[in-house]
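**Student:** Sequence first, predicted model second:
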Amino acid sequence: QGETGAPFELIARDLAAISIFRDGPFMVCPAAQFETRHLIEVLAPSLLSQDAGTLLVTGVDSLSPEKQQILQTLMTSRDVFLPFARRFRLVLAADRHLSDLADAGSFDDTLFYKISSLSVEVPTLRALRGDILLHARHLIDHHAAAHRTAHAPALAPAAAAWLEEQAWPGNYAELSRT
């Protein structure tokens, strides 16, 4: 759980990298595309892999009751998801506290209790002021590698100071865009 723009995918990838599922595929499905047909396409690499993978579902707090039922079906490995049984780890990311949504009746109680056994609160970027430059350096290095540049650009002291002074209401996603 964390605010919008939290680095859910980075955290999920780190979890996958230190787990027994580290050699399997890493698959992502946003809530907007959380439908049976799309899920089967997303999960296909887990069938083709010798090792189980990790499926990250983002925006779980915005799942409609119908999509919550699909998640419940996915977790119990029934119906169309049977071939994927025990073939992946499921990591769920939410911008809002699911307990509040369950209390308000907009998130299924049974599903909430099934998925709430281990919950991690992702701090905001502004709460991690000391890590802002580390994240910026990581993003710059990643961008340089993706564009195959010989040397990643350096961060000028004035730019570093400016980055550290920002409020970052959009969290890691805003830093990434910047």
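**Tutor:** Received it, and whenever you're ready, just let me know what you need.
**Student:** contacts for the top helix by length along the chain?
**Tutor:** Scanning the chain for the longest helix, with DSSP state H as the assignment, gives helix 132-146. Residues from elsewhere that reach helix 132-146 (Cβ atoms under 8 Å, 6 or more residues apart in numbering): 7, 125, 151-153, 155, 160, 163-164, 166, 168, 172, 175-176. (Glycine included, C-beta is placed from N, CA and C.)
**Student:** Restricted to helices, list those.
**Tutor:** 160, 163, 164, 172, 175, 176.
**Student:** returning to what we had before: would you format the contacts of helix 132-146 as TSV with pLDDT included?
**Tutor:** Below are these laid out as TSV (pLDDT from 0 to 100):
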residue	pLDDT
7	87
125	86
151	84
152	82
153	87
155	91
160	94
163	94
164	92
166	92
168	89
172	87
175	91
176	89
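**Student:** hmm, which of those are the buried ones?
**Tutor:** Among the contacts of helix 132-146, those classed as buried by 16 or more other Cβ atoms under 10 Å are 7, 125, 163, 168, 172, 175, 176.
**Student:** Tell me which two of those residues sit farthest apart.
**Tutor:** 7 and 163 (15.8 Å; Cβ to Cβ).
**Student:** How about residue 94, nearest residue that isn't a chain neighbour?
**Tutor:** Once flanking residues are discounted, residue 94 sits nearest to residue 61: 3.9 Å by Cβ to Cβ, 6 or more residues apart in numbering.
**Student:** which regions of this structure sit below the pLDDT cut-off?
**Tutor:** Residue ranges of the chain with pLDDT under 70: 77-87.
**Student:** Which residue ranges of it form strands?
**Tutor:** Listed in chain order, the strands found in the chain under DSSP state E are 26-30, 53-58, 88-92.
**Student:** Let me know which of the ones you listed is tucked in deepest.
**Tutor:** strand 53-58 (a mean of 24; mean count of other Cβ atoms under 10 Å).
**Student:** Please look at residue 8 and residue 2 and confirm they touch.
**Tutor:** Yes. Using Cβ atoms under 8 Å, residue 8 and residue 2 qualify as a contacting pair, with a distance of 6.9 Å.
**Student:** So if I had to pick from those two, which one is more boxed in?
**Tutor:** Using other Cβ atoms under 10 Å as the criterion, residue 8 and residue 2 rank with residue 8 on top: 24 against 20.
**Student:** Nearest residue to the more buried one in space, please, no chain neighbours.
**Tutor:** For residue 8, ignoring the flanking residues on the chain, the nearest one in space by Cβ to Cβ, 6+ apart is residue 93 at 3.7 Å.
**Student:** separation between residue 156 and residue 136?
**Tutor:** Distance of residue 156 to residue 136, computed by Cβ to Cβ, to the nearest Å: 12 Å.
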